[in-house]
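got a sequence here, can you build the structure:
(one chain, ligands or ions: 1)
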Amino acid sequence: MSDKKPFVIVTRKLPEPVEARMRALFDVRLNESDTPFTREQLIAAVQEADVLVPTVTDKVTAEVINAAGPQLKLIANFGAGVNHIDVDATFARGFTVTNTPGVLTDDTADITMALMLAIPRRLLEGVRAIEAGEFKGWHPTWMMGTSLRGKKLGIIGMGRIGQAVAKRAKAFAMNIHYHNRRSAGAGIEGEYSATYWEDLDAMLPEMDFVSLNCPYTPGTFHLINAERLAKMKPTAYLVNTARGEVIDEAALAEALIAGTIAGAGLDVFENEPVVHPKLLGLKNVILLPHLGSGTIEARTAMGEKVIINIQTYFNAHRPPDRVIPAIM
Ligand code: 8YV
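As a prediction, the model looks like this:
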């Protein structure tokens, strides 16, 4: 790195070891209060910083990018998904974008499995029953759920996280199916005994569980809409740990109320932190506050990746996690 330290603006509070390392390596402005940046603050940041470190809560729109000063070099996102960044606009301005893939794969897959277990096994209902003093002792027909063994799981998006879900689900004796733009190849299909469905509409009616593990792109906006929900089995469960925008939440709420599908587990929402009001209070839904990568290990490793991406960039090397628009 040259003698002059890069000026880095971080939009949210990051784990303490990450912030300490950033203080040592960069000229860094941290966000002690952790209050999300406004549009105006984001614009001011890209007019000053060499590097912006945003998170999923920042809307780094074309307007923000186009307002950036020529000093801006790099947007080093803290997170794997980059749907909140207008990557095309960033590239048009000649800035580099990096993300933090890989280090949150297992934790996100774990949360997916937690939801996949929690809904059919009625964990939340059980907790609420205890808390309400309704547990009067075991009996043979009370609170029966549905088992995972032998059920068909349809994974939408067989990337890193989708494969990590397949690995776990296989250990639960589920039958793995998946939909992707392209086949994941014989190696991955062999490893997880997975069946590829090129046609999502053909896969959905056959599945007992559907897990969303694809990125949010213009092509996956409301991929699960009213029409597709109607194709699912009335006994099927839907899990989303990807991005809220992939589901039409109003249509999902209607399907859950009507019993078109049996239940849903959601870790992400279209307008976070707002949850569609019709999803609140439903018995057959578990809602989590975007916990997918929420472990000390993952969040620290994400911060380390951000640091490595910044360092390699300023050492005149290619950062390891460059985002390439064509493959998004
Ligand atoms: C992150 C995520 O916590 O990395 C992602 O894409 O969805 C989350 O788990 C978040 O994006 C941080 O910016």
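
what count of nearby residues applies to the closest residue to residue 13 other than its chain neighbours?
The spatial neighbour of residue 13 that comes closest, neighbours along the chain excluded (C-beta to C-beta, 6 or more residues apart in numbering), is residue 34 at 3.9 Å. Just so you know, the C-beta spots here come from the backbone N, C-alpha and C atoms, and that holds for glycine as well. Residues near residue 34, counting by other C-beta atoms under 10 Å, number 10.

does residue 34 lie in a helix or a strand, and which?
Secondary structure assignment for residue 34, by DSSP states H and E: no helix or strand.

check what pLDDT it gets.
pLDDT for residue 34: 98.

next, it: phi, psi?
Main-chain torsions, residue 34, degrees, to the nearest 10: phi 60, psi 10.

ok, it touching residue 12?
Yes: contact between residue 34 and residue 12 holds when scored by C-beta atoms under 8 Å: they sit 5.8 Å apart.

so which residues make contact with the biggest helix by length in the chain?
Assignment by DSSP state H gives helix 296-314 as the longest helix of the chain. With contact meaning C-beta atoms under 8 Å, 6 or more residues apart in numbering, helix 296-314 is reached by 1-2, 6, 8, 14-15, 17-19, 21-22, 25-26, 51, 53, 73-74, 76-79, 96, 98, 100, 102-104, 106-107, 293, 318-321.

whichever of those end up buried, select them in ChimeraX.
Only the buried entries of these go into this ChimeraX selection, using 16 or more other C-beta atoms under 10 Å:
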select :6,8,14,15,18,19,21,22,25,26,51,53,73,74,76,77,78,79,96,98,100,103,104,106,107,293,319,321
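
okay, now the unreliable bits of this structure?
Within the chain, the segments meeting pLDDT under 70 span 1-2, 326-328.

now do the helices in it.
Secondary structure of the chain, counting by DSSP H: helices at 16-25, 39-48, 62-66, 87-92, 105-118, 123-131, 160-171, 186-192, 200-203, 226-231, 249-258, 296-314.

distance to the ligand added to those helices, as TSV?
Listed next are the helices of the chain as TSV, based on distance: least, C-beta to the nearest ligand atom, whole Å:
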stretch	distance to the ligand
helix 16-25	13
helix 39-48	14
helix 62-66	16
helix 87-92	14
helix 105-118	6
helix 123-131	21
helix 160-171	9
helix 186-192	21
helix 200-203	22
helix 226-231	22
helix 249-258	17
helix 296-314	7
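
so can I have a markdown table of the ones you listed showing distance to residue 214?
A markdown table is the format used below for those (distance: least, C-beta to C-beta, whole Å):
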| stretch | distance to residue 214 |
| --- | --- |
| helix 16-25 | 28 |
| helix 39-48 | 27 |
| helix 62-66 | 23 |
| helix 87-92 | 16 |
| helix 105-118 | 13 |
| helix 123-131 | 26 |
| helix 160-171 | 8 |
| helix 186-192 | 15 |
| helix 200-203 | 10 |
| helix 226-231 | 13 |
| helix 249-258 | 16 |
| helix 296-314 | 20 |
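
show me the domain layout of the chain.
7-103+295-314, 105-287 (automatic domain parsing).

what about the contacts of helix 296-314, which are in strands?
Those of the contacts of helix 296-314 mapping onto strands are 8, 51, 53, 74, 76, 96, 98, per DSSP state E.
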